[in-house]
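> no sequence for this one, just the structure:
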């Protein structure tokens, strides 16, 4: 009997499972109950974000998905509370490692665009927002996106009104080996950014604010075709909101950061398959 072809969902799960095996140990501790592995938890958390659903709904659907369960050696489904606790366990550093590994699945070209967008925090109750003094209702999410394959190379998330130029410096320092050309709009017109980029042998292709005729002349000399690839960053920001939601479900800021990192990881895996 001829075997059925693999669905995109199955290939996604297999790819996520392989990345998890490369990134973390099988169990979080030698004292773990060893009922479920960290690899299984990571895949299930990615699946939840990819399907933009709740823990309970995801586990209910998995009852009817034997091929998905077999792909991650899941013989018994966990309780929703188990997955909720599993989300708290891996540090942000683990999700960054997974994000970096996902980038290696695709042939990037070193031309990276930087762009910021806002994700709503309004999903939290007004009572909690007031009690926790969450005066800023949006998270500022800055993505560093490869223009060739539209993968997220890195992200920066903040709850403050941090200026774009400060954020860009952090992203350059973290990713000097993956960027050859940095594309940015006028919000990133800063001499310190240009200086840091050149120190790392990165060509900054950033539009100048037009205060003088010299600035206009510099902008006119920009490689229009190359600079036009900056729009891919905006496309990826839009894709994340459309596919995985324009708001974060978690209430604590550190959980919100992880939630967005997982969304970027899921996006990269979708691009890879």
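Received the coordinates, thanks. Not measured: the values here are computed from a predicted model.
> count of residues packed around the residue lying closest to residue 84 once chain neighbours are set aside?
Leaving aside its sequence neighbours, residue 84 sits nearest to residue 55 (Cβ to Cβ, 6 or more residues apart in numbering; 6.1 Å). For the C-beta atoms, the positions are set from N, CA and C on the backbone; glycine is no exception. If you count neighbours by other Cβ atoms under 10 Å, residue 55 ends up with 19.
> and the pLDDT at residue 55?
Predicted confidence (pLDDT) at residue 55: the value is 95.
> how far away is it from residue 252?
17 Å (Cβ to Cβ, to the nearest Å).
> ok, residue 263 next?
17 Å.
> neighbour count winner among those two?
Neighbours were tallied for residue 263 and for residue 252 using other Cβ under 10 Å; the higher tally belongs to residue 263 (25 against 12).
> tell me the contacts of the more buried one?
The contact partners of residue 263, by Cβ atoms under 8 Å, 6 or more residues apart in numbering, come to 49, 240, 244.
> nearest residue to residue 208 in space, please, no chain neighbours.
Residue 208 sits nearest to residue 215 (Cβ to Cβ, 6+ apart), 4.3 Å away.
> what number of residues lie near residue 60?
Neighbours of residue 60 using other Cβ under 10 Å come to 13.
> typed the wrong thing, it's residue 228
Neighbour count of residue 228, defined by other Cβ under 10 Å: 12.
> likewise residue 85?
12.
> which stretches of the protein form strands?
Secondary structure of the chain (DSSP state E): strands at 111-120, 138-146, 152-158, 181-184, 203-206.
> which elements pack onto the longest one?
Of the remaining helices and strands, those touching strand 111-120 by 3 or more Cβ pairs under 8 Å, 6 or more residues apart in numbering; DSSP states H and E are strand 138-146, helix 164-174, strand 181-184, helix 231-244.
> try it again with 10 Å
Here strand 111-120 touches strand 138-146, strand 152-158, helix 164-174, strand 181-184, strand 203-206, helix 231-244, helix 253-272, going by 3 or more Cβ pairs under 10 Å, 6 or more residues apart in numbering; DSSP states H and E.
> and the last one, by the same measure?
Under the contact criterion of 3+ Cβ pairs under 10 Å, 6+ apart, the helices and strands touching strand 203-206 comprise strand 111-120, helix 164-174, strand 181-184, helix 191-199, helix 224-227.
> the first one to helix 253-272, inter-axis angle?
With axes from the mean of the first three to the mean of the last three Cα atoms, to 10 degrees as the criterion, the two stretches strand 111-120 and helix 253-272 enclose an angle of 130 degrees.
> quick check: buried residues in strand 111-120?
For strand 111-120, the neighbour count (16 or more other Cβ atoms under 10 Å) marks 111, 112, 113, 114, 115, 116, 117, 119 as buried.
> related to what we said a few turns ago, which stretch among the helices and strands packed on strand 111-120 comes nearest residue 28?
Ranking those by their distance to residue 28 (criterion: Cβ to Cβ) puts helix 253-272 first, at 15.6 Å.
> in the stretch 101-250 of the chain, where is pLDDT below threshold?
122-136 (pLDDT under 70).
> make a markdown table out of the helices and strands packed on strand 111-120 and add distance to residue 4.
Listed next are the helices and strands packed on strand 111-120 as a markdown table, based on distance: least, Cβ to Cβ, whole Å:
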| stretch | distance to residue 4 |
| --- | --- |
| strand 138-146 | 33 |
| strand 152-158 | 32 |
| helix 164-174 | 42 |
| strand 181-184 | 42 |
| strand 203-206 | 47 |
| helix 231-244 | 25 |
| helix 253-272 | 21 |
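> gap between the nearest residue to residue 79 once chain neighbours are set aside and residue 47?
Leaving aside its sequence neighbours, residue 79 sits nearest to residue 59 (Cβ to Cβ, 6+ apart; 7.9 Å). According to Cβ to Cβ, residue 59 and residue 47 sit 10 Å apart.
> neighbour count: the two, which is higher?
residue 47 (23 against 19).
> residues in contact with the more buried one?
Residues near residue 47 by Cβ atoms under 10 Å, 6 or more residues apart in numbering: 9, 12-13, 16, 53, 58-59, 61-62, 65, 68, 72, 83, 266.
> give me the buried subset of those.
Neighbour counting with 16+ other Cβ under 10 Å marks 9, 12, 13, 16, 58, 59, 62, 65, 68, 72, 83, 266 as buried within these.
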